[in-house]
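Engineer: Output the structure for:
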Amino acid sequence: MNAGSGGDRPTPVTVVTGGLTTREAAARLAEVGPNAVPAPRRRSALRMLAAQLTHLLALLLWVAAGLALLAGTPALAVAIVAIVLLNAAFAFWQEYRADTSAQRLRELLPSDVRVLRDGTPMAIPVIELVPGDVVLLAAGDRVGADLEVLESDDLALDESLVTGESVAVRHASGEQLRTGTFVVRGEARAVVIATGSRTGLADIERLVAGAARPPSPLTQELKRVVRVVAVIAAAVGVGLGAASLALGLAVTSAFIFAVGVAVALIPEGLLPTVTLSLARGAEKMADNRALVRRLDSVETLGATTFICTDKTGTLTQNRMNVVEVVTLAGTVRVHGGGYDPVAELTGEEAAIALAPSVALAALSCVAGRVAQGPSGWTATGDPMEAAFHCLALRLGIVQEPRADRRPYSPERMISSALSNGRVSVLGATEAVFARCRAVPDDVAAAVHDLTGRGRRVLAVASRTWRSAASPEMERELDLIGILALEDPPRDGVADALAKCRSAGIRIAMITGDHPRTGAAIAREVGLLGPRGVVLDARELPETDAELADAIDHDDGVVVSRATPADKLRIARALRGHGHVVAMTGDGVNDAPALREADVGVAMGATGSDVAREAADLVLLDDHFATIVVAVELGRATFKNVRRFLTYHLTDNVAELAPFVLWAMTGGSVPLAIGVLQVIALDIGSDMLPALALGAEPPRDDVMRARHSRSLVDRGLLTRALLVLGMTEAVVALAAFLLVLVEGGWQWGADVSAPLLRTASGTAFAAIALGQMANAFACRSTVRPVWRLNLLGNRLVLYAVAVQALLLLAFLAIPPVAGLLGGTMPTPTGWLLAALSIPAVLLTDAAWKAVRGRARRRQGHAAM
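Structural biologist: The predicted model follows:
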């Protein structure tokens with residue numbers, strides 16, 4: 001047997017149709033090693049650091065530092081270099097940390113494969129596959145090693161990862177399957193012929209290891225903000241440089257002055273701060289069993305306005321249990337828990353006598369089974385199919401007939417099997433009934449009753465068929481019974497749905513179940529309200545606009561008998577209606593809908609590998625409440641980005657105001673702070689509190705407050721620039737002027753150097769103290785500081801404490817103070833500078849009160 005083209009190949013393996021023994025598998029694993037492609041070479045730490053020192057903004061700063069050094073101002077050059085190095089070190093640290101976190105999250109993703117070991121089907125980690133293992137493949141599985149098909153039942157694979165062609169490729173016995181491809185239809189048994197670095201995928205992995213995704217919309221918007229601010233900073237620098245020339249400064253001094261102002265106003269640390277906040281949000285989601293596969297999805301999750309969710313396993317426990325068997329002679333009730341084959345049967349004797357034939361027919365149509373393990377009886381494969389095996393065991397059926405099976409397809413809504421001249425068909429009641437020669441009225445009434453009680457109902461029929469298997473064998477059937485399954489709702493789903501309603505997020509359940517079953521479960525968990533809508537996917541409107549109108553309701557929607565194609569249409573229609581759509585999926589055919597949605601959500605515990613590869617978010621516990629937690633964290637992360645954006649922009653106004661006043665008065669008012677002081681404020685005041693604000697925990701009302709999609713809007717700019725920034729600027733300049741006047745200075749007169757340094761230290765302290773207050777003010781956009789829990793974000797307390805120490809160091813350590821140009825204020829100066837704290841807090845509280853009244857008026861007007 002040949003296995004492809006990558007690397008050295010193992011010697012041909014001997015095929016044992018019953019699979020390897022545990023001892024044989026262990027020996028081969030020790031011989032060939034784990035089934036893992038060697039990890040691609042990661043970027044070295046040195047190259048990552050070099051990239052942070054050589055991007056466009058860093059290069060501009062390096063040029064500015066060189067010009068400052070040539071102009072004879074080494075202090076400014078050193079300050080600029082310090083900014084570049086600090087930001088590069090910080091950005092490198094967070095990128096390296098994000099890279100290692102991504103590796104850790106990838107390792108958490110489940111990846112199992114079903115094999116025959118010791119003649120028994122079992123699930124093992126794909127990394128433990130060895131040559132000679134017999135693998136059991138079904139739709140949705142990823143091929144975990146190079147295989148050769150032993151038996152094929154309508155097997156078709158998506159080989160686009162290898163060939164680039166999206167058309168499914170059919171495979172028969174004797175053909176080879178390549179690692180990394182996906183089963184989209186049918187079933188098969190195949191033997192492993194190559195693993196790990198010996199597979200064909202290993203060569204492809206080496207080629208694509210360095211591929212990178214395009215920048216996300218959030219990153220692009222942030223870069224746009226930085227570019228705009230940088231252009232403004234450059235324009236202000238040029239303007240103030242020209243003003244300084246007009247006031248008589250030498251050309252070199254004016255040039256250095258302009259460069260210093262521009263450098264001081266550029267928010268160099270903004271991008272790494274945002275990225276770290278997103279990474280922190282992703283890590284918090286991972287702690288809550290939600291793995292983010294794309295970092296920008298953290299922000300998109302927070303903007304979600306419509307969630308389309310599956311029912312089984314997401315809203316319910318996905319622990320199927322057949323609770324009633326309706327035969328032509330009556331109903332049998334099955335009293336048992338979980339997958340334990342011991343259960344009590346109640347019903348008429350004639351019905352109990354017919355129940356095994358119904359169970360055996362259903363079992364022959366499915367591949368899922370139950371098996372006893374260390375933790376008890378568990379499902380292997382599809383939980384619903386395993387429930388039929390469990391029912392068969394409860395009815396005393398031990399021997400399973402060998403059958404030629406046609407797997408379930410969404411188009412047919414049935415599966416079938418041919419065994420010993422007898423055809424068995426299992427599927428949706430309406431699909432099976434349509435193929436039956438007759439359906440008793442009492443059976444139809446039983447379906448109506450069971451679906452109304454939230455049971456999942458499937459019909460079983462059969463007929464004699466002496467020819468080869470074909471689609472014709474699924475017609476002219478005789479109904480033999482129906483099976484009713486119970487799948488209890490998950491704990492916490494009702495509370496999660498209530499959170500979605502309070503957040504204005506609309507919910508649709510998209511299910512393949514009967515309309516009455518879906519509606520009953522939806523009402524039980526609180527998804528479907530009195531004005532909710534129940535739709536049959538077979539009767540959905542033809543145009544996307546009409547479809548969106550039919551589904552876009554605020555009291556819950558159930559779309560029943562839905563296919564993956566319907567989910568794709570729904571995602572596209574809702575996005576066209578202006579919604580940010582999160583779509584859940586677990587099957588191989590759900591992948592297009594997951595890609596179409598703004599946020600594709602795959603099931604990590606039971607979902608197919610195809611769905612997980614297509615998704616942006618993977619739920620390790622498959623729980624709907626985990627989606628809501630992720631949305632909540634996404635909203636909190638987005639709000640935190642806006643918090644530290646407000647903080648970053650505020651002190652730019654206070655830093656710029658002294659230069660504007662100096663230029664507007666023609667130099668009559670001395671410059672309150674210098675360029676080095678501005679840089680010291682950026683390093684000492686902005687960085688740590690901004691990081692702390694990025695860690696602000698979610699508020700209780702984060703799912704109730706209106707969510708803004710815009711990162712920088714008029715409200716943020718007004719608050720940062722005109723309210724908080726202007727307040728800091730006014731207090732700082734007033735304190736500066738009052739200290740000058742107290743020292744004997746008069747308008748337009750020269751000022752002594754000691755007095756200027758004291759007054760400058762006062763202005764510097766006023767801005768720094770204002771930023772300390774601003775750090776607390778930015779923790780909320782609606783509540784004043786005194787209504788916040790000061791211990792709610794301890795990082796802010798620590799950051800402000802460090803700020804205070806740095807402020808004292810900048811003013812009290814003579815070499816540092818001499819370099820920056822400001823000294824310790826007088827007692828009066830400290831008192832004046834300290835006024836910036838209540839000024840910022842009170843002004844911010846007044847702004848929030850005004851905005852709150854405006855929002856309430858808008859709310860009353862809307863009512």
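
Engineer: Look up how far Ala605 lies from Arg114.
Structural biologist: To Ala605, Arg114 is 15 Å away according to CB to CB, to the nearest Å. Bear in mind the C-beta positions are built from the backbone N, C-alpha and C, glycine included.

Engineer: Could you do Glu324 as well?
Structural biologist: Between Glu324 and Ala605 the distance is 27 Å, computed by CB to CB.

Engineer: Comparing those two, which residue is more hemmed in?
Structural biologist: Glu324 (20 against 15; other CB atoms under 10 Å).

Engineer: What residues are bridge-paired with that one?
Structural biologist: Here Glu324 sits in beta bridges with Arg333, Ala484, going by DSSP bridges.

Engineer: Let me know whether it touches Thr451 as I believe.
Structural biologist: No: at 11.9 Å, Glu324 and Thr451 do not qualify as touching, with contact defined as CB atoms under 8 Å.

Engineer: any low-confidence regions in the stretch 201-350 of the chain?
Structural biologist: Along the stretch 201-350 of the chain, the model assigns pLDDT under 70 to residues 201-223, 226, 252-253, 256, 260, 263-264, 266-273, 275, 295.

Engineer: Just the helices from it, written as ranges.
Structural biologist: For the stretch 201-350 of the chain, the helices defined by DSSP state H, counting those that start in this stretch occupy 217-246, 251-265, 270-287, 297-302, 349-364.

Engineer: need the contact list for the closest residue in space to Met583 that isn't next to it in sequence.
Structural biologist: Nearest residue to Met583 in three dimensions, chain neighbours excluded: Ala597, at 3.6 Å (CB to CB, 6 or more residues apart in numbering). Contacts for Ala597 (CB atoms under 8 Å, 6 or more residues apart in numbering) come out as 308, 571, 575, 581-583.

Engineer: Looking at those, which is nearest Ile813?
Structural biologist: Ala582 (53.3 Å; CB to CB).

Engineer: Name all residues that make contact with that closest one.
Structural biologist: Ala582 makes contacts with 301, 304, 306-308, 597-601, 617, 627, 631, as judged by CB under 8 Å, 6+ apart.

Engineer: Sort out for me which of these are in strands.
Structural biologist: Applying DSSP state E to the contacts of Ala582, the entries found in strands are 306-308, 599-601, 617.

Engineer: JSON lines for the residues you listed, including distance to Ala371?
Structural biologist: Shown next, in JSON lines, are the ones in strands among the contacts of Ala582 (distance: CB to CB, whole Å):
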{"residue": "Phe306", "distance to Ala371": "40"}
{"residue": "Ile307", "distance to Ala371": "34"}
{"residue": "Cys308", "distance to Ala371": "34"}
{"residue": "Val599", "distance to Ala371": "35"}
{"residue": "Gly600", "distance to Ala371": "32"}
{"residue": "Val601", "distance to Ala371": "29"}
{"residue": "Leu617", "distance to Ala371": "31"}
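
Engineer: can you list these in a markdown table and add distance to Trp745 and neighbour count?
Structural biologist: Formatted as a markdown table, the ones in strands among the contacts of Ala582 follow (distance: CB to CB, whole Å; neighbours: other CB atoms under 10 Å):
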| residue | distance to Trp745 | neighbour count |
| --- | --- | --- |
| Phe306 | 63 | 26 |
| Ile307 | 64 | 26 |
| Cys308 | 69 | 26 |
| Val599 | 61 | 27 |
| Gly600 | 66 | 29 |
| Val601 | 65 | 33 |
| Leu617 | 62 | 28 |
